[in-house]
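**Q** Pasting a predicted model and its sequence here:
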Amino acid sequence: WRQPVASVLELGGVKVSREEIVRDDPTNNVPDTIFSKLGMQLHRRDQHPIGILKNAIYDYFDTNYPNKFEKFDNLFPVVSVKQNFDDVLVPADHVSRSYNDTYYVDSQTVLRCHTSAHQAELLRKGHNYFLVTGDVYRRDSIDSTHYPVFHQMEGFRVFAPNDWEGSGVDGTSYAALDLKNCLEGLARHLFGAVEMRWVDTYFPFTNPSFELEIYFQEKWMEVLGCGVTEQEILKNCGRTNNVAWAFGLGLERLAMVLFDIPDIRLFWSSDERFTSQFSKGKLGMKFKPFSKYPPCYKDMSFWINDSFTENNLCEVVRGVAGDLAEEVKLIDNFTNKKGMTSHCYRITFRSMERSLTDEEINALQLKVREQVESKLNVVLR
Ligand code: FA5
Ligand code: MG
């Protein structure tokens, strides 16, 4: 059930070997399971829901802005800390820079954690309208809408003063309005009618900033972030008199809603019962689940230490169980009189493709327990 790991990949015309990406040294935290995803490029497969969605979004932009938006879907996913963070004004102490949140290849090189990593280089090359689609990587929690590799599409549009002059509003308001219209139009193009709402938020690279949420599986699910680009980014890229907007869409989240895909792990399935349900150019079809396999729950309690993080725990669980891990959830948390804190986590194991045996799950759980002790230095209870 695990993809074989090729040792050399060619991505966007660049060759990279496993040895360059997965190394046993303290500046590197990329596991093999992540390296094995690097060449998959689900967004470049016309028969895959992610590729079908990408093409449908292209259609929307081609129809509404003929010959405007340039498209990039094969930019190298290994980028510098400068590209991923500095160029988009992420502060030096921002959590997203930590080894707990981001996969570092070495201290100056990361697996991009968002497609915003390419904004500045494309602006500097003179592009004013662009869409960048790619795989992005994050150390994150384990549940049905989070996965350590997912796909984003970045959109970017630059305005010149004569675009907003005469409109009666300033450049920033003009861009914010245009952005919301553009994305609401996109949502209608993709979904027809769907319940959605705008939420104000914060990003270091935009102001004002918004998130769009869609109602799905009885919850509001965040599907994109966007906003009016900070002037400093434009200035640093030689665009002193301009205003711009940018957005970053989570393609898996949108595809889950569009195709009724209940679990984000399914995108990685090579099971024909999944792959055969999708075809090129076909947007609205609804996925018929084939997995009614039962889940199995295992609880695990331990005393944490100061360096414990949930992302590190999730990395251990994924390393052992791969996509058999459906969810990792904190179900109990208390501190005793001596000041020691105990966490109880419930791990849900379930295959999308077959029934798991008790022996198999027990063996996985045993391994998780061993590695949680040895790698995270916690004390099992
Ligand atoms: C960003 O990544 C910003 N770069 C987006 C942006 C671009 C804002 C341009 C402003 C201007 P955020 O971390 O919220 O923002 O991620 C964007 C989207 O990616 C989310 O809305 C969600 O749809 C998706 N996403 C985030 N984490 C995961 C994950 N672990 N698994 C699947 N999808 C995810
Ligand atoms: Mg967000």
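**A** Yep, that arrived. Ligands and ions are numbered 1, 2, ... in the order given.
**Q** Domain boundaries for this protein, per the record?
**A** Using automatic domain parsing, the domain ranges for the chain come out as 8-268, 296-380.
**Q** Endpoint to endpoint, the longest one covers what distance?
**A** Pointing back at domain 8-268 there. Using C-alpha to C-alpha, to the nearest Å, one end of domain 8-268 lies 20 Å from the other.
**Q** need the residues of the stretch 151-300 of the chain near ligand 1, please.
**A** Proximity of the stretch 151-300 of the chain to ligand 1, by C-beta under 6 Å from any ligand atom, involves residues 152, 154, 203, 205-206, 209, 222-227, 246-248, 250, 252-253. In this view, the C-beta of every residue, glycine as well, is placed from N, C-alpha and C.
**Q** and the residue of the stretch 251-381 of the chain nearest ligand 1?
**A** Closest approach between the stretch 251-381 of the chain and ligand 1, counting by C-beta to the nearest ligand atom: R253, at 4.0 Å.
**Q** my guess is that residue contacts K219, does it?
**A** No: the pair formed by R253 and K219 falls short of the contact definition of C-beta atoms under 8 Å, at 11.6 Å.
**Q** Between those two, tell me which one has more neighbours.
**A** For R253 versus K219, neighbours defined as other C-beta atoms under 10 Å are more numerous around R253 (21 against 9).
**Q** Just the buried ones among the residues of the stretch 151-300 of the chain next to ligand 1, please.
**A** Among these, those classed as buried by 16 or more other C-beta atoms under 10 Å are 152, 154, 203, 205-206, 209, 223-227, 246-248, 250, 252-253.
**Q** coming back round to it: excluding chain neighbours, what is closest to the residue of the stretch 251-381 of the chain closest to ligand 1?
**A** Nearest residue to R253 in three dimensions, chain neighbours excluded: V223, at 4.6 Å (C-beta to C-beta, 6 or more residues apart in numbering).
**Q** For the residue nearest the centre of the chain, which non-adjacent residue is closest in space?
**A** Nearest to the mean C-alpha position of the chain, by C-alpha atoms, centre = their mean, lies F150 at 4.0 Å. Distances taken as C-beta to C-beta, 6+ apart place E252 nearest to F150, at 4.9 Å, with adjacent residues excluded.
**Q** Quick one: residues in contact with the strand or helix carrying that neighbour.
**A** If you go by DSSP states H and E, E252 is part of helix 251-259. Taking contacts as C-beta atoms under 8 Å, 6 or more residues apart in numbering, the residues outside helix 251-259 that touch it are 43, 49-50, 52-54, 133, 145, 147, 150-153, 190-191, 194, 214, 216, 221-224, 261-262, 264, 267, 278, 283-287.
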